[in-house]
Structures are given as C-alpha cells and as structure tokens.
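Chemist: model this:
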Amino acid sequence: MAKEKLYHYHEWLKRKYVDEDLSIYKIADVCGVSPSSVARYVRRYGLKKGRQKPVMTRECHVYYPDYLYDSLMEYADSTGQSISQVTRTAVIEHLTRNNANPLR
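Modeler: Numbering: from 1, shown residues only. Take a look at the predicted model:
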C-alpha cells in the first residue's frame, strides 16, 4: 500500500511549515520525499512564513525567506562558516561559472 503524502494536504502542510516553523527540508525528511516536492506544494498553496531573517554582509543587509535561511544555516553549521561567508562563496562561484562580471 502506498504511503499517504501528507504534504499534499493544505492544512497539514500549513501547520508544519507556517505554524510549527519547520523547514522544507525537515518536512521532506518526515515525509520521505525530496525537498523540491514539498516546495512545489508550498508554492501551490501560497504558504509564506510571517518573518524573514536578515543576513549581514559588509555591503548590505540581505533578507532570505525562512526555507532558504534554514538551509543556509544548516550548511554554515556543517562547514563552520558564517552565513555571510557561505553566501559570498556561492555568489562568487555562480559568477565564475557563468563568466559574469558584476562590475560592468
């Protein structure tokens, strides 16, 4: 018998994602599916968390939605870096990979 996909239900997903403040990654882990599957339903239902967390950089304040902030925090914790270091590295890698020059 197939496992019930709880994240397909609006009320269940809203309770976990918004009310209990679980990340998309944690919900996906609980449901045994990929984070992109859960994210698809979060977008479909228009679920948004009530706050965004600022990330400080030398240049400016950058605001990330909770789901992205949570995954950045998890990665930063696992690598021993700050979120600013992680995001700066990601931007540099993206620009390098795409041969983009942000100073043009």
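Chemist: now do stretch 37-45: distance to the chain's middle.
Modeler: 12 Å (Cα atoms, centre = their mean, to the nearest Å).
Chemist: quick one: mean pLDDT over that stretch.
Modeler: The average pLDDT within stretch 37-45 is 90.
Chemist: now what about it, what contacts it?
Modeler: 7-8, 10, 13-14, 17, 24, 27-28, 31, 67 (Cβ atoms under 8 Å, 6 or more residues apart in numbering). The C-beta positions use only the backbone N, C-alpha and C, and glycine is treated the same way.
Chemist: residue 79 versus residue 6, what's the distance?
Modeler: Separation of residue 6 from residue 79 (Cβ to Cβ, to the nearest Å) stands at 32 Å.
Chemist: please name the residues that touch residue 5.
Modeler: Residue 5 sits in contact with 31, 33, where contact means Cβ under 8 Å, 6+ apart.
Chemist: typed the wrong thing, it's residue 91
Modeler: So residue 91 contacts nothing (Cβ under 8 Å, 6+ apart).
Chemist: got it, and residue 28?
Modeler: Applying Cβ under 8 Å, 6+ apart, we find residue 28 in contact with 7, 34-35, 37-38.
Chemist: of all these, which comes closest to residue 93?
Modeler: Lowest distance from residue 93 to the contacts of residue 28 (Cβ to Cβ) belongs to residue 35, with 20.5 Å.
Chemist: what segments of this structure are strands?
Modeler: Secondary structure of the chain by DSSP state E: the strands cover 53-56, 61-64.
Chemist: between those, which has the poorest mean confidence score?
Modeler: strand 53-56 (a mean of 52).
Chemist: mind checking how far the residue nearest in space to the middle of the chain is from residue 86?
Modeler: For the chain, residue 68 is the residue whose C-alpha lies nearest the centre (Cα atoms, centre = their mean; 2.2 Å). Residue 68 sits 11 Å away from residue 86, taking Cβ to Cβ as the criterion.
Chemist: tell me which helix or strand of this structure sits lowest on mean pLDDT?
Modeler: strand 53-56 (a mean of 52; mean pLDDT, DSSP states H and E).
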